[in-house]
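In: structure, please.
(4 chains, ligands or ions: 4)
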Amino acid sequence: MHVPDGFLDAPTSVATGVVAAAAVGVALRRARTELDDRTAPMAGLVAAFVFAAQMINFPVGAGTSGHLMGGALAAVLVGPWTGLLCVSVVLVVQALFMADGGITALGTNVVLIGVVTALVGYVVFRALQAVLPHRLGTVAPTAAVAAFVSVPVAAAVFSLLFAIGGTAPVDAGKVLTAMLGWHVLIGIGEAVVTGLVVGAVVAVRPDLVRGARPLVAARELEIRTVAA
Amino acid sequence: MGAAHGHRLHHHGHSAVHRAPAHLKILVLVGFVLLVVATPREWYAVFAAYAAVVVGTVLVARVPLGWVLRRMVVEVPFLVFAALVPFVAEGPRTEVLGLTVSEPGLVAAWGLAVKGTIGVMASLTLAATTEPTDVLVGLRRLRMPPLLVEIMSFMLRYLDVVTADLGRTLTAMRSRGCEPRSPRHWPVLARSLGALFIRSYERGERVHLAMLSRGYTGTLPTTTGGHEHR
Amino acid sequence: MSAPVLDVRGLAYAYPDGHQALFGVDLHVHRGERVALLGPNGAGKTTLVLHLNGILTAGAGSVAVSGLPVEKKHIQEVRRRVGIVFQDPDDQLFMGTVRQDVAFGPANLGVRGAELDRRVMAALEQVGMAEHVDRPPHHLSFGQRRRVAVATVLAMEPEVLVLDEPSSNLDPTSRRELADILRALDVTVLMVTHDLPYALELCPRAVVLSGGTVVADGSTYDVLTDDALMRAHRLELPFGFDPRTLGPGVGTGQGTAPRRTPDTGGSVASPGTHTNPGDLT
Amino acid sequence: MSAPVLDVRGLAYAYPDGHQALFGVDLHVHRGERVALLGPNGAGKTTLVLHLNGILTAGAGSVAVSGLPVEKKHIQEVRRRVGIVFQDPDDQLFMGTVRQDVAFGPANLGVRGAELDRRVMAALEQVGMAEHVDRPPHHLSFGQRRRVAVATVLAMEPEVLVLDEPSSNLDPTSRRELADILRALDVTVLMVTHDLPYALELCPRAVVLSGGTVVADGSTYDVLTDDALMRAHRLELPFGFDPRTLGPGVGTGQGTAPRRTPDTGGSVASPGTHTNPGDLT
Ligand SMILES: Nc1ncnc2c1ncn2[C@@H]1O[C@H](COP(=O)(O)OP(=O)(O)OP(=O)(O)O)[C@@H](O)[C@H]1O
Ligand SMILES: Nc1ncnc2c1ncn2[C@@H]1O[C@H](COP(=O)(O)OP(=O)(O)OP(=O)(O)O)[C@@H](O)[C@H]1O
Ligand SMILES: [Mg+2]
Ligand SMILES: [Mg+2]
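Out: Numbering: from 1, shown residues only, chains lettered A, B, ... in the order given. Ligands and ions are numbered 1, 2, ... in the order given. Got it, this is the predicted structure:
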């Protein structure tokens, strides 16, 4: 899904760049409310996991490959704004270091893999939470569904961008069907990984899952005197 | 366990390219790639010149060319896509090696492949000659928002922690009679994925706290001597 | 008498997963004392230690270092004064080389240049790791890592040294050398250990923590010879070791020369803690 | 005489970073023996241990377990027979709960259902961790993690138990209980330790590794009372402990009843090892 240099024309790249910059700007301001000095490391770990997850490539049709995105996972764990920042950081590192995703396409990639998956994932997650019973047990499956939905949506947006500013003369309809087909499959993988990770974290450290925090009750401390 | 051990893409060296300040290298890289992308794809000779610039830089940095080429596999899926374009693209057809392909598709494929390849090589050159910690310093200099730099530095640290923990986990599994490579054991691997996440997080948290308890305030101190020549 | 260097009152703490580890701990350590913190696995020793420089934050009760409450406001100063050697050296070592790791703490305190080098090498020489100065810490043996971990804290020259099982995984000679170092330094020492002869050798005073509360506090000799107390808290003397045959003169932490720190020998710190042998129930 | 259970010949090994840790080690351990592996920090003990079930692969020389060379072909069988308790419990525990972690090994051996449950609970009861069965291992105290690590290996019921500093970070009672467990089991034991009284109590035979070679191999009592050998390899008896006052009858690993494993008492492994005082040659 990473868009390389020269894949979209200049106007589209610039436009997505502006959107990405605006989104990251808002996220930077909003993230202050999500972060304290203990959760900054958490954001780093989420970024590392997203990074690792994106390294796992599934071979999908026609010799190309797709990979997990992690936007929804990040949004559930650290909140949508910090989640967007995590994914953006991953994309910067990948562009500068791994040559995965073009430097001039960074804006496009932030929009596709960061903004779309994190926000769509989070909206779906909250919407489901609103209708489901408020229990810790529902957090992981809800996150999995959110992750599943976020991936094909991102693929659709990709196809849209390609139709507007693609440099290769390929029929946009073909691209859309192919992308959606693959990414429904990738979405299943995404859902499994997201569900497993969120489930494990909720089980032992619910305080680390932002999306579960309203469900964690404060505990009373017990004081013991000795010789009892 | 720190972020400073280099990484798979780094090629240790002391050339002028290695020593150049990171923020300059990043600026040059971004400018260069912009230039490449803006160049019309029919200017074949100019692309040859770009390629020469990149290869020249790699040679000056004394990074073996083969070393860089081997790391260019990340680009393969994309090249495959480019190779398919002439077959699925619209427009007038021509014959190449007995195959009927789209003519604009062919030009598009060339453009995609050459721009992508030069971009990938340029990025790899930066990666090969710059330590991650220096990139962080460079990005800070370039006014990247401090919060992003902070998340990035934690991410680089955690990549080490997660890799190390994964390695330990695999060793532990092997010595208790599990061969993680066989698909039979994938369900177990999947189940330990969540545990790996928390374990890495908590280990990283403890390391972070250990840093704090030795007076860390958010920026690594520059220590003298020794660490230049490892 | 001056304010205690370490002053812990009514400290209670529960881990984020809800597991409560401390249930109201009182501990007062005065300048220059060497105190052993004993107790069974899971007693809460490490949890207590991590409160002493604000790594964990008290759920209830308070912690103060030389009169400074351990709070956000004073945290830098507290961490300058209290050096902690963690139980797991892997938590403590994170830089690319041993040199960088040992330099990390003093550099954060503003030490630079030749003085920094001197401190680094001095600390490494004390623990016998000077020759490994340019190796990556994660390529050392476990015992070597433990020694480097001790050096990282020694290099900061703290006023209070808190060591969580410093002797575990050390070879016997390094163990004794560490005891010599601690005896030679003019610092306050709180040492968690399961090695009772080591505690007796080095620390005149011992505190027993069990189930998250202090169950005894007195001279190490008295604690180790109190059979009922020992049995009740999974403490027992190792094979072939009996402090009674060594006489009550030992355990003053002065090797062979008997001496008693006046304000600690046999004193009992807080009401409700252990007083006379056998009354623990 | 049957083939040795552990048969190490001329084993040399260098770590990937070029650091050579073993320089030709010979070690033969027979069925039912309990052998202590002593030596200073960085001697190569852990490196040797990691060869015994093929986690590291010999650079030169050979390792065989009950006659099976440790090679790819036999690796599954070797790992079924040799259980290793790592020096760092964090290297050993990786699942989400204590139960899953202890069950992991036996489940890989094909144990299922009620028998699996029985083994898990039996192993956890042996180390006194049964009540923590549903907690995540990384939320336990260090000593508790160590005990679970021991349980993970006990549950596999291996023929050969290799323990790398099993007693470190254990409270004194757990330490003694572990000794009791090891004595009660009908297995061959190789135990790395820095706790010399513990070695004497549990293992009739001791091997000293130093600088990557075996420098002594004989009865534990003889090794511990050989002052020149001990001094030369950073071994020294801890404060207040003297095997001589206990008499040469100890150190047979049978608590008080003296017994000598006939084929090991005083034997010396290889030429070029330590000679002189205390008849270790
Ligand atoms: N991160 C954690 N999360 C939850 N519970 C924990 C955590 N760390 C420790 N505990 C629990 O808190 C209690 C006290 O643990 P602590 O590590 O303080 O014990 P300790 O006295 O240091 O033991 P040891 O001698 O084994 O090191 C134990 O019951 C332990 O299981
Ligand atoms: N991963 C590694 N990479 C490089 N060198 C290593 C590595 N692990 C250990 N070494 C080196 O190999 C030598 C032997 O190490 P080993 O861990 O076997 O010692 P040990 O006898 O177990 O020591 P300890 O008593 O401290 O556990 C040491 O000099 C150590 O520095
Ligand atoms: Mg502890
Ligand atoms: Mg070792």
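In: close to ligand 2: what parts of the stretch 1-150 of chain C are there?
Out: C:H139, C:L140, C:S141, C:F142, C:G143, C:Q144 (C-beta under 6 Å from any ligand atom). In this view, the C-beta of every residue, glycine as well, is placed from N, C-alpha and C.
In: near chain B, anything from the host helix or strand of A:T82?
Out: Using DSSP states H and E, A:T82 maps to helix A:80-93. Yes. Using C-beta under 8 Å from any C-beta of the partner chain, helix A:80-93 comes into contact with chain B via A:L85, A:C86, A:S88, A:V89, A:V90, A:V92, A:V93.
In: can you give me the neighbour number for the residue lying closest to the last one once chain neighbours are set aside?
Out: Distance criterion C-beta to C-beta, 6 or more residues apart in numbering or on different chains; nearest residue to A:V93, sequence neighbours excluded, is B:M152 at 6.5 Å. If you count neighbours by other C-beta atoms under 10 Å in any protein chain shown, B:M152 ends up with 27.
In: tell me what whichever strand or helix holds B:M152 is packed against?
Out: Using DSSP H and E, B:M152 falls within helix B:146-175. Counting contacts by 3 or more C-beta pairs under 8 Å, 6 or more residues apart in numbering or on different chains; DSSP states H and E, helix B:146-175 packs against helix A:10-34, helix A:39-55, helix A:80-93, helix B:132-141, helix B:186-213.
In: bridging residues for the closest residue to C:P4 other than its chain neighbours?
Out: Once flanking residues are discounted, C:P4 sits nearest to C:H28: 4.1 Å by C-beta to C-beta, 6+ apart. With DSSP bridges as the criterion, C:H28 is bridged to C:D7.
In: thinking again about what came up before, for the helices and strands packed on helix B:146-175, which one sits closest to ligand 3?
Out: helix B:186-213 (12.4 Å; C-beta to the ion).
In: what's the weakest-modelled helix or strand in chain A?
Out: Lowest on mean pLDDT, DSSP states H and E among the helices and strands of chain A sits strand A:57-60, with a mean of 57.
In: now chain C
Out: That would be, for chain C by mean pLDDT, DSSP H and E, helix C:243-246 at a mean of 84.
In: starting at the chain centroid, how far to the helix holding B:M152?
Out: 16 Å (C-alpha atoms, centre = their mean, to the nearest Å).
In: so does that helix get close to ligand 2?
Out: No. Helix B:146-175 lies apart from ligand 2 when judged by C-beta under 6 Å from any ligand atom; the minimum separation is 10.6 Å.
In: and the least confident helix or strand of chain C, which residues are buried?
Out: Neighbour counts over helix C:243-246 (16 or more other C-beta atoms under 10 Å in any protein chain shown) mark C:P243, C:L246 as buried.
In: just checking, what packs against it?
Out: By 3+ C-beta pairs under 8 Å, 6+ apart, helix C:243-246 packs against no helix or strand.
In: which parts of chain A are strands?
Out: Assigned strands in chain A, in chain order: A:57-60, A:64-67 (criterion: DSSP state E).
In: which non-adjacent residue is nearest the residue nearest the centre of chain C?
Out: Taking C-alpha atoms, centre = their mean as the criterion, C:M191 is the residue nearest the geometric centre of chain C, at 2.3 Å. Residue nearest to C:M191 in three dimensions, not counting chain neighbours: C:L163, with 4.7 Å by C-beta to C-beta, 6+ apart.
In: who's in contact with that neighbour?
Out: Residues in contact with C:L163 (C-beta atoms under 8 Å, 6 or more residues apart in numbering or on different chains) are C:I84, C:V85, C:V150, C:L182, C:V189, C:L190, C:M191, C:V192.
In: 7 Å instead?
Out: By C-beta atoms under 7 Å, 6 or more residues apart in numbering or on different chains, C:L163 lies in contact with C:V85, C:M191, C:V192.
In: my read is the second one is in a strand, agree?
Out: Yes. Checked against DSSP: H, G, I helix; E, B strand; the rest coil, C:M191 lies within a strand.
In: I figured it hits C:A36, correct?
Out: Yes. At 5.5 Å, C:M191 and C:A36 qualify as touching, with contact defined as C-beta atoms under 7 Å.
In: mutual contacts of those two, please.
Out: Shared contacts of C:M191 and C:A36, counting by C-beta under 7 Å, 6+ apart, come down to C:C203.
In: burial measure for C:G59, as a count.
Out: Using other C-beta under 10 Å, C:G59 has 17 neighbouring residues.
In: kindly report the same for C:L27.
Out: Residues within reach of C:L27, counting by other C-beta under 10 Å, total 22.
In: so who does the closest residue in space to it that isn't next to it in sequence touch?
Out: Spatial nearest neighbour of C:L27, excluding adjacent residues (C-beta to C-beta, 6+ apart): C:V8 at 4.2 Å. Counting by C-beta under 7 Å, 6+ apart, C:V8 makes contact with C:V25, C:D26, C:L27, C:V63.
In: separation between the nearest residue to A:R135 once chain neighbours are set aside and A:P133?
Out: Nearest residue to A:R135 in three dimensions, chain neighbours excluded: A:L215, at 7.1 Å (C-beta to C-beta, 6+ apart). Going from A:L215 to A:P133 by C-beta to C-beta, to the nearest Å gives 10 Å.
In: and what of C:P137?
Out: Note on C:P137: its distance to A:P133, by C-beta to C-beta, is 49 Å.
In: go on, B:S153?
Out: Applying C-beta to C-beta, the value for B:S153 to A:P133 is 40 Å.
In: now C:E157
Out: 57 Å.
In: which one's more surrounded, those two?
Out: Legend: neighbour count by other C-beta under 10 Å for C:E157 and A:P133, higher for C:E157 (18 against 7).
In: how many neighbours does the spatially closest residue to that one that is not a sequence neighbour have?
Out: Spatial nearest neighbour of C:E157, excluding adjacent residues (C-beta to C-beta, 6+ apart): C:R119 at 7.4 Å. Using other C-beta under 10 Å, C:R119 has 22 other residues around it.
In: helix or strand for C:R119, which one?
Out: Residue-wise, C:R119 maps onto helix C:113-126 under DSSP H and E.
In: all set now, cheers.
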